[in-house]
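Colleague: For reference, the sequence and a predicted model appear below.
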Amino acid sequence: MSLGRMKIGRATFWRANAFRIVACAVLLLVVGLSLAANWLAPGGYVKQYREAADSAPSRQHWLGTDDIGRDRFARVLYGTRISLLLAPAAAFLSTLMAALIGGMAGYLGGSWARVAMALTDLCLSLPWLFLLITVRALMPLNVSPMVSVLATFLILGMLGWTSAARVLCASAGSLRDSDFVCQARASGIRGARLFWVHVLPNLKPVLYAQFWISIPAFILAEANLGILGLGVAEPMPSWGSLLKELEGLVSVGEEPWKFVPLVLLVVVVTSFQFVLSKQEELAA
Amino acid sequence: MQIMRKKSIAPLVLSLAVIVVGLSLSVTAAAQGELRFCLRSEPKTFDPLKVEDDASMVIRYLTGGVLVRLNRQTQVLEPELAQSWKVSKDGRQITFKLRSGVSFSDGTPFSSEDVAYTVQQLMDPALHSATGDAFRSGPGNVETKIISPTQITITFPALVAGLDRQFDQVPMLSAHSPKKEMAVLGPFVVADYKAGATVLLKRNSNYWKTDAQGLRLPYLDSIRLDIQPNRDVEMLRFKRGEIDLINSLDSEYFDKLAATSPQFVHDAGPSLDSEQMWFNQVARAPLPQYKKNWFRSANFRHAISEAINREDLSRVVFRGHAQPAVGPVSPANKFWFNSKLQPEAYSPDAALKALQGDGFRLENGTLKDKDGNEVVFSIITNSGNKSRERMATMIQEDLQKIGIHVNVVTLDFPSLIERMTQSFDYEAILLGLTNVGLDPSEQMNVWLSSSENHQWNPSEKAPETAWEAEIDRLMRAQAASADAKKRKESFDRVQEIALEQAPFIYLVNRNALSAVSASVHGASPVILVPQTYWNVDQLSVK
Amino acid sequence: MPKQTNPARGTMVRKIARHGVTLVATVMLGGFLSATLVRLAPGFDVDEAQLDPHLNSESIRALRETRLEQRNIFRFYFRSLQRAAHGDLGTSISLGQPVTLLLRDRAPLTLRLVGLGLLLSWTAAMALSLSAAWLRVQAYDALTTVISGAFLCIPAAVLALLSVLWNVPGSLAVGLIVFPQVFRYSRDLLAKAYSLPHIVTARAKGLNELRILFWHVVPVAGPQLLAVAGISVSIAVGAAIPVEALCGLAGVGQLAWQAALARDLPLLMNITILVTLVTLLANSGADVIGTMLRNRKA
């Protein structure tokens, strides 16, 4: 290939992948900032500057302080570690479960699909709030904040698969009788191999959508689980707990710095989507 | 014919115009006399004798006619439906002389028969209500003797402390009205109820009271109560003028509103409410024995109390609209408060020293007991209450300074109550007392060791400590005495013991904060519930 | 010539019948499981009222005994079914009113809220995803991603509060909660469908976009989009709870939240049955129509 063609190819590559590259850079920046929290916010997320409670941004506190005087910038940085690590992990778990349950049900069809989807609908309708309350009751009160948050995201991952399972079942059902699957079957490929190699890759659009939707959903759900004693325990911060400050909306309009965690979440979630969308175009 | 038709149309059009204008004017006039505020939950009942929840209490206050009324401003008992009354020396009997010419909202005449009926309903053993239990001082039946249509004597089987004041909570029911409990003697009557949305109260046209000029009260035409549990939305609606008052305002909203509209907000000073925490002292609690030993040590409880910065709690959590609490009685309760007592001073050094006296030691920033167990415990509180969540987090930080690691756990209220009253699977709880009455007899079931509401160690078969036995004796003594001075001496001593032994670690007494819009006339917020509309029959909205 | 019966119609009738049986069995199971979950959750046997210091021990015991009938979950469920057969759904413990009355009064509001919310969300989602698929402009796609991502990240409670703040109907809040999820699924499904070789061929042959959409894209993506429609109903029903609670709308969502806090077993069980029924009907309907579309394609 000539040098000119290589240059044109490179330019095309950058143009075609501009959003993806920027998204990767943003994600890396956010991860880097959270890992550097010890240096960027040496005061930590626990210390209460009680003389400056609920204060506006200043040189000492770049994003002001919360209701009991904790530095909000530090809490955003440390909260990023928790949410950025665990929410995608939980989203991955729920996506995997959706793929296995919904995808397999659609692939097998018939009674399997009927029973699986009936149970999925049941899971969509049940008041899982009470299961979560029971889970909290079974956990010791003095569980460490890290264990509590791990348990929370694990539960979210295990309960969050139902919506996507339905869509995956429909998608897999459509693929079951498609030409390429019939051809593969005729070639002697059957069972699990047929599912993993030929059906599952074609479910990627739904899987990526499920993954992308689950990340912010789990971050927000973790904060709401705080009312049941689950979720991130004080004084550990998380994006969800920071976003709960927005529920004092009457006054937050006059305190725009409280929207920073929301902006950060939107940026990260959008970045995930840009990174994933290229994967799904390649898959298609 | 055409001319006649033209002539006949004009008056018709004019009449229609007058009717339309008149209707619009009359609608406007009615709307001006409507007071609007929010209930924070769905009312569970309109039966005044079965009231347990706050929302039902509001409706009871606004619609119920009582024999005597505690003036929320002066804290003096005043005649209402009873012109006068007399309590016997032994505190068991009360005689009421009733007003004549009074009718229920449906026109049914009011007489001593209705009082007798109400008392019999109230004291029905099957009723099981807080209102009725307040009168149940001993076994036996209540006797009512109708002397005349306007005079009645009621005799209780045992002394009822503060007997006359208790009738402030007892609206009279009609013995004869077909509308039963919906026929009322108060200034308003329930006109409409949309579950989950509103309760509309309309003026009781048969209300007996008149003002100094002889005008029939209430001034208001109606009261609209919107059911709104969310305080942010309530605040928003007040700012937009959709509601006229907020009876109990959170401190953060108080400050925000005070910054823009200081004339709307009122800080009436310390209320009777308190926030406190306590440790689990139940012997059969599923806790390790070493933790039970900590919690049952008065020295440990005292040290924890000393290590908590109450000034910071008042200043940071309540924005200065609270003050450090001393004991079970707020200083706002002028007669019953033991003024000799002072709040525990914040002193982490003194706390550490006291703990060291019990064999605790600080090792690498962690406190350990004499057996080497790290001092770690959890504080649970009810989720959704931001003030309590913040207080718990601040206490966590305070105790960390003396090496104690605290885990803050917020639970939904039923789960918390279940741990507190049934499984006893908790270590420390942070809660508060609200709607506290003035008379200490209202707290009998908290202080008596045999009671289910003796929160740190309920339903003791016999007092497990000498000081609890002493409190039992003192509380029974004050409840059995009709002498206010003797009662005060007994209850003062209870407060002293409470401070010495710290079964409850009292944190703060919140101020009574409220907001009233400029359109409301006659409002004078006070500390007693209901703070803003205690004189509802004299309020008007323009 | 003898008239030929349509085997597809017979299959359809059998499919609908099977769905009906599954529906009834699932609803019954849902009712029982929800009752069990509530019964076993801590806090079932308690009442906030028992903390009132005015109450004596007898009264507290009497309060606890109001739930005696519900302690044995099998007996409770069996008796509930017996009563339900006569149209009596029991009485709410927390509100003291017949459950039938409560649901009858509140269901229309929730249906309206959810219905309008779904209409708004699907309209917005399909408009954005179709335009993104048609235009195939990276910047536009990025913009729609950012918009949907933003709404996905805003807590439902905040959207509900915003609707109160800006005096807009609660259905808009429900719509905005549901919209990003519907958009994401439909955008990805449509993008996948549009990238198939036969679409490229159709475009090369000069077919107009509407024809391509209805004749070549919808049959391919249709069954999955219908599945998304089915689940969007349950997402909208879930979104109705915070919206009704915060906007002060007296619907079933608000009732469900109150019932959950009060551990009101009769009310919660019946609300779950109602929600299960709605979810099943929506998803079963989507399945049936999806099958019809697949059969037509075949």
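Modeller: Sure, I can see it. Numbering: from 1, shown residues only, chains lettered A, B, ... in the order given.
Colleague: Does A:Val143 belong to a helix, a strand or coil?
Modeller: What DSSP: H, G, I helix; E, B strand; the rest coil gives for A:Val143 is coil.
Colleague: Quickly find the element holding the nearest residue to B:Tyr253 once chain neighbours are set aside.
Modeller: Once flanking residues are discounted, B:Tyr253 sits nearest to B:Met235: 4.9 Å by Cβ to Cβ, 6 or more residues apart in numbering or on different chains. For the C-beta atoms, the positions are set from N, CA and C on the backbone; glycine is no exception. Counting by DSSP states H and E, the element that carries B:Met235 is helix B:231-239.
Colleague: and whichever residue of the stretch 351-500 of chain B sits closest to chain C, what is it in contact with?
Modeller: Residue nearest to chain C within the stretch 351-500 of chain B (Cβ to the nearest Cβ): B:Pro414, separated by 2.7 Å. Applying Cβ atoms under 8 Å, 6 or more residues apart in numbering or on different chains to B:Pro414 gives the contacts C:Pro42, C:Gly43, C:Phe44, C:Val46, C:Glu48, C:Leu261, C:Ala262, C:Arg263.
Colleague: The helix or strand A:Ala192 falls within - what's its average pLDDT?
Modeller: Using DSSP H and E, A:Ala192 maps to helix A:191-193. Averaged across helix A:191-193, the pLDDT comes to 83.
Colleague: With chain B in mind, check whether the following helix or strand past it reaches it.
Modeller: Remark: after helix A:191-193, the chain's next helix or strand is helix A:204-224, criterion DSSP H and E. No. Figure legend: helix A:204-224 not in contact with chain B (Cβ under 8 Å from any Cβ of the partner chain); closest approach 10.0 Å.
Colleague: Output the below-cut-off pLDDT ranges for chain B.
Modeller: Flagging of chain B using pLDDT under 70 yields the residue ranges B:1-32.
Colleague: Can you give me the distance of B:Arg237 to B:Leu245?
Modeller: Separation of B:Arg237 from B:Leu245 (Cβ to Cβ, to the nearest Å): 11 Å.
Colleague: who touches the most centrally placed residue in chain C in this structure?
Modeller: With distances taken as Cα atoms, centre = their mean, C:Ser234 lies nearest the centre of chain C, 1.7 Å away. Each residue near C:Ser234 by Cβ under 8 Å, 6+ apart is listed here: A:Leu124, A:Ser125, A:Ser163, C:Val275, C:Val278, C:Thr279, C:Ala282, C:Asn283.
Colleague: Try it again at 6 Å.
Modeller: A:Leu124, C:Thr279 (Cβ atoms under 6 Å, 6 or more residues apart in numbering or on different chains).
Colleague: Neighbour-wise, give me the winner out of the contacts of B:Pro414.
Modeller: Among the contacts of B:Pro414, C:Arg263 has the most neighbours (other Cβ atoms under 10 Å in any protein chain shown), with 27 neighbours.
Colleague: Which element, helix or strand, includes the residue lying closest to it once chain neighbours are set aside?
Modeller: Using Cβ to Cβ, 6+ apart and skipping the chain neighbours, the partner closest in space to C:Arg263 is C:Phe44 (4.9 Å). Assessed by DSSP H and E, C:Phe44 sits outside every helix and strand.
Colleague: On the three-state scheme, the nearest residue to B:Ile380 once chain neighbours are set aside is what?
Modeller: Spatially, and ignoring its direct neighbours in sequence, B:Ile380 is nearest to B:Val409 (4.7 Å; Cβ to Cβ, 6+ apart). Under three-state DSSP, B:Val409 falls in the strand class.
Colleague: these two touch, right, B:Val409 and A:Gly229?
Modeller: Yes. Judged on Cβ atoms under 6 Å, B:Val409 makes contact with A:Gly229 at a distance of 5.0 Å.
Colleague: B:Gly320: neighbour count?
Modeller: Other residues close to B:Gly320 by other Cβ under 10 Å number 15.
Colleague: Next: B:Ala82.
Modeller: Counted with other Cβ under 10 Å, residues neighbouring B:Ala82 total 24.
Colleague: How about the contacts made by it?
Modeller: Contacts of B:Ala82 by Cβ under 6 Å, 6+ apart are B:Leu67, B:Val68, B:Phe96, B:Leu98.
Colleague: out of these, which one sits closest to chain A?
Modeller: So of the contacts of B:Ala82, ranked by how close each gets to chain A (Cβ to the nearest Cβ), first place is B:Val68, at 40.3 Å.
Colleague: I'd like to know how far that closest one sits from B:Leu81.
Modeller: If you go by Cβ to Cβ, the gap between B:Val68 and B:Leu81 works out to 8 Å.
Colleague: These two - which one has more neighbours?
Modeller: Between B:Val68 and B:Leu81, counting by other Cβ under 10 Å, B:Leu81 is the more crowded of the two (23 against 20).
Colleague: Next one: that one from B:Lys97, what distance?
Modeller: According to Cβ to Cβ, B:Leu81 and B:Lys97 sit 10 Å apart.
Colleague: For stretch C:22-35, the averaged confidence score.
Modeller: The model assigns stretch C:22-35 a mean pLDDT of 88.
Colleague: Stretch A:95-104 near chain C at all?
Modeller: No. Applying Cβ under 6 Å from any Cβ of the partner chain, one finds stretch A:95-104 separated from chain C by no less than 9.2 Å.
Colleague: Any buried residues in that stretch, and which?
Modeller: A:Thr95, A:Met97, A:Ala98, A:Ala99, A:Ile101, A:Gly102, A:Gly103, A:Met104 (16 or more other Cβ atoms under 10 Å in any protein chain shown).
Colleague: how about the helices of the stretch 51-200 of chain C, start to end?
Modeller: Assigned by DSSP state H, counting those that start in this stretch, the stretch 51-200 of chain C shows helices spanning C:57-65, C:73-85, C:99-135, C:138-153, C:156-165, C:170-194, C:197-204.
Colleague: Pick the most buried one from those.
Modeller: Mean neighbour counts were taken over the helices of the stretch 51-200 of chain C using mean count of other Cβ atoms under 10 Å in any protein chain shown, and the top value, a mean of 26, falls to helix C:170-194.
Colleague: Can you name the residues in contact with it?
Modeller: With Cβ under 6 Å, 6+ apart as the criterion, helix C:170-194 contacts A:205, A:209, A:213, A:284, C:113, C:116-117, C:120-121, C:124-125, C:128-129, C:132-133, C:148, C:151-152, C:156, C:159-160, C:163, C:217, C:220-221, C:224, C:228, C:232, C:235-236, C:239, C:243, C:247, C:249.
Colleague: Please name the nearest non-neighbouring residue to A:Gly106.
Modeller: A:Ala172 (2.8 Å).
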